[in-house]
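# Just to be clear, the model below is a prediction. Sequence and coordinates:
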Amino acid sequence: MPGPSTCTPCGLNSNSLEASVNIAASLCDNGYGRLDNVCSQCLPATYSVVAPSGFRTCVALGVNAGSLAGSSQSSDCLCNAGYTLESNSCQACAAGKYKFAIGADACLDCLVHSHSPTASIAATDCLCNVGFTGANGGTCNACGVRTYKNQPGPAECSSCPQNADSPEQSTAVTACVCNAGYSGVDGSECLAGTYRSLNSASRECALCSENSNSPLVSTSSLACLCNSGYTRLDGALCSACVAGTYKINAGSADCANCVAGKHSAAIAATSNVCINCVAGNFSTTIDASGITTCQDCAAGTFAAGDAGHTVCTLCAVDTFSTETAGTSVSVCQLCSNTQVSTPGQTQCTTCENGKYKAANSVICNVCLQKNYCAGGRAIQCDANSQTVPANRVDAGEPRDCQCNTGYAHRTEGERGTDSEAFDNVCHACEQGFFSEEINSIQCSKCGAGYSSTIEASSSEDNCAICTVHTF
């Protein structure tokens, strides 16, 4: 069919190719789109494209992008601040990044130790991380020791509670650990009898073990010292001082023993409560737990006063005692003047024959010359006798005193009797008798037809023949 005689102009803001035959052949100019067969300028945030129908149409830009009115291509789309172009679409800046300009520029990283939310549009959106402080968008400095910061942003780091410490970059008050010797969240002092070490898993002060104590602000279980009256053996718990011992001061020292001569039944004694054995008693037992260890002094000894005797005193030489548990020297009695004793004796002993006890002497002395010693006494020999040898000092019986010549141990009246011959009495030979030898038991009679008028005749020669008319 032949066309009109004249060509019809395309609409405003459109054009067509040569030899176009209808309005459908007209195409809106770049930046315009057909709407109701009218080419209208693309609105802001849109741009023109050729649709599959052949018409140019305005299409909306992607999310988070913008363009000027009349934009004709996707490159005219500019990503908003906080967004960047990725795969032909505007993607929000990731957390920790920001973009302050419109366009396809890449997002910028926040400074180290700071962070921002997604789609951040300014450096000031970068807030210092917890544990760090500084102006928004500025340099972030780590919180120092003994401080913490639990919120992002420009706030100052908070101080730990008193007597607490924290490492650098701490992010919470729970990072503030109480110093050794302090507890809780407020840094309270560990009380006496408690302790807390620096590496303790608990915030609370631990109790010292039973029967031990520690000073204020103790930092270790080693500060828990056994109380008075208690001791620690080989790292074990504190145990009570047993009977017979005591401990005055706190600490891990051993309990002190009651010394010999003393005793105590007290358990966990905190002072020297050891009691002396009474007078007349003694004890050699160390750490004695009762009075039964105190023994009576034996006879021949004594213990004066309640002095806690470890031994009893011996009765002195030349004394004796038969009493047990003697409480003074008065129990020791003097030996008689014929007896002696060594120290600690229960009886005195008579001097052996040949010795005697001299006046004021405490021992047995050798016998005197011209004496015999028996029963502890020195007895002078008869005046008409002698010892052999003359300087003998061990004569021990009367017969050691030997009658001189002219004397005999028996009288004529005792001849043939059982009378004691050696009684330290020398009898002069009567007239008509003689004794020519010492130690004669009986005087010899002059022979028949002889006589003597001499007493104590020491020779037969003194026997004279009887005269005429005598016999």
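In hand now; what should we look at? Numbers count the residues shown, from 1 in each chain.
# Distance-wise, check residue 272 relative to residue 228.
Taken as C-beta to C-beta, to the nearest Å, the spacing of residue 272 relative to residue 228 amounts to 12 Å. C-betas here are computed from N, CA, C, even on glycine.
# higher neighbour count, those two?
residue 228 (18 against 13; other C-beta atoms under 10 Å).
# separation between the nearest residue to the more buried one once chain neighbours are set aside and residue 192?
Counting by C-beta to C-beta, 6 or more residues apart in numbering, residue 228 lies nearest to residue 270, which is 4.0 Å off, once chain neighbours are set aside. Computed with C-beta to C-beta, the distance linking residue 270 and residue 192 is 17 Å.
# more neighbours, those two?
residue 270 (16 against 13).
# So the more buried one sits against residue 247, correct?
Yes: counting by C-beta atoms under 8 Å, residue 247 is a contact partner of residue 270 at 6.9 Å.
# Could you name every residue contacting both of the two?
Residues touching both residue 270 and residue 247 by C-beta atoms under 8 Å, 6 or more residues apart in numbering: 228-229.
# and the nearest residue to residue 433 once chain neighbours are set aside, what is it in contact with?
Sequence neighbours aside, residue 443 is the residue nearest to residue 433 in space, at 3.9 Å (criterion: C-beta to C-beta, 6+ apart). Going by C-beta under 8 Å, 6+ apart, residue 443 touches 407-408, 412, 427, 429-430, 433-435.
# and if you look at residue 454?
431, 434, 462.
# Tell me how far it lies from residue 372.
29 Å.
# Give the burial count for residue 219, as a bare number.
There are 17 residues near residue 219, going by other C-beta under 10 Å.
# so it makes contact with residue 196?
Yes: assessed by C-beta under 8 Å, residue 219 is found in contact with residue 196 at 7.0 Å.
# got any residues that touch both of the two?
In contact with both residue 219 and residue 196: 180-181, using C-beta under 8 Å, 6+ apart.
# low-scoring stretches of the stretch 51-200 of the chain, by residue?
53-54, 61-77, 184-186 (pLDDT under 70).
# And for the stretch 201-350 of the chain?
Checking the stretch 201-350 of the chain against pLDDT under 70 turns up 234-235.
# try it again with 80
233-236 (pLDDT under 80).
# And the stretch 351-471 of the chain, by the same measure?
For the stretch 351-471 of the chain, residues meeting the criterion pLDDT under 80 lie at 416-421, 468-471.
# of the contacts of residue 454, closest to residue 121?
residue 434 (170.7 Å; C-beta to C-beta).
# Surely the closest one and residue 446 touch.
Yes: Residue 434 lies in contact with residue 446 (C-beta under 8 Å); the separation is 6.8 Å.
# Pull the contacting residues for residue 229.
240-241, 246-247, 268-270.
# To what extent is residue 263 buried, counted in neighbours?
For residue 263, using other C-beta under 10 Å, the count is 24.
# Now do the SS call for the closest residue to it other than its chain neighbours.
Nearest non-adjacent residue to residue 263, counting by C-beta to C-beta, 6+ apart: residue 288, 3.8 Å away. Under DSSP: H, G, I helix; E, B strand; the rest coil, the three-state class of residue 288 is coil.
# measure the residue nearest to residue 320 when sequence neighbours are not counted to residue 317 for me?
Take residue 320 and drop its neighbours on the chain: the residue closest to it by C-beta to C-beta, 6+ apart is residue 345, 4.7 Å away. Separation of residue 345 from residue 317 (C-beta to C-beta) stands at 9 Å.
# which of the two has more neighbours?
Of the pair residue 345 and residue 317, residue 345 is the one with more neighbours under other C-beta under 10 Å, namely 23 against 14.
# and the residue lying closest to residue 318 once chain neighbours are set aside, what is it in contact with?
In this structure, residue 318 finds its nearest non-sequential neighbour in residue 362, 3.6 Å apart by C-beta to C-beta, 6+ apart. Contacts for residue 362 (C-beta under 8 Å, 6+ apart) come out as 317-318, 335, 340.
# ok, and the most crowded of these?
Within those, most neighbours by other C-beta under 10 Å means residue 340, with 24 neighbours.
# Show me where the chain has its helices.
Ranges of helices within the chain: none, based on DSSP state H.
# Pop the domain breakdown of it in here.
1-76, 405-471 (automatic domain parsing).
# isn't residue 337 right up against residue 364?
No: applying C-beta under 8 Å, one finds residue 337 not in contact with residue 364, separated by 11.6 Å.
# Touching both of the two, which residues are there?
With contacts defined as C-beta under 8 Å, 6+ apart, the residues shared by residue 337 and residue 364 are 357, 376.
# And those two? Which one has more around it.
Between residue 337 and residue 364, counting by other C-beta under 10 Å, residue 364 is the more crowded of the two (20 against 14).
# Identify the residues contacting the more buried one.
Counting by C-beta under 8 Å, 6+ apart, residue 364 touches 340, 351-352, 355-357, 376.
# The nearest residue in space to residue 304 that is not next to it in sequence and residue 297, how far apart?
Of all residues not flanking residue 304 in the chain, residue 328 sits nearest, at 4.9 Å (C-beta to C-beta, 6+ apart). Using C-beta to C-beta, we find residue 328 at a distance of 11 Å from residue 297.
# Please identify which of those two sits among more neighbours.
residue 297 (26 against 13).
# Spatially nearest residue to that one (excluding sequence neighbours)?
Leaving out its chain neighbours, the residue that sits closest to residue 297 by C-beta to C-beta, 6+ apart is residue 312, at 3.7 Å.
# measure stretch 109-128 end to end?
13 Å (C-alpha to C-alpha, to the nearest Å).
# same deal with stretch 291-310?
13 Å.
# And the residue nearest the centre of this structure?
With distances taken as C-alpha atoms, centre = their mean, residue 252 lies nearest the centre of the chain, 2.3 Å away.
# For it, give me its contacts.
225-226, 231-232.
# So which of the contacts of residue 443 are in strands?
407-408, 427, 433-434 (DSSP state E).
# And the residue nearest to the centre of the chain, how far from residue 179?
From residue 252 over to residue 179 the distance is 26 Å, taken as C-beta to C-beta.
# ditto for residue 355
With distances taken as C-beta to C-beta, residue 355 is found 90 Å from residue 179.
# okay, the two: which has more neighbours?
Taking neighbours as other C-beta under 10 Å, residue 355 and residue 179 compare with residue 355 leading, 21 against 18.
# Report the spatially nearest residue to that one, omitting neighbours in sequence.
residue 364 (4.0 Å).
# quick one: which two of the contacts of residue 252 are the most distant?
Using C-beta to C-beta, the two most remote members of the contacts of residue 252 are 225 and 231, lying 10.3 Å apart.
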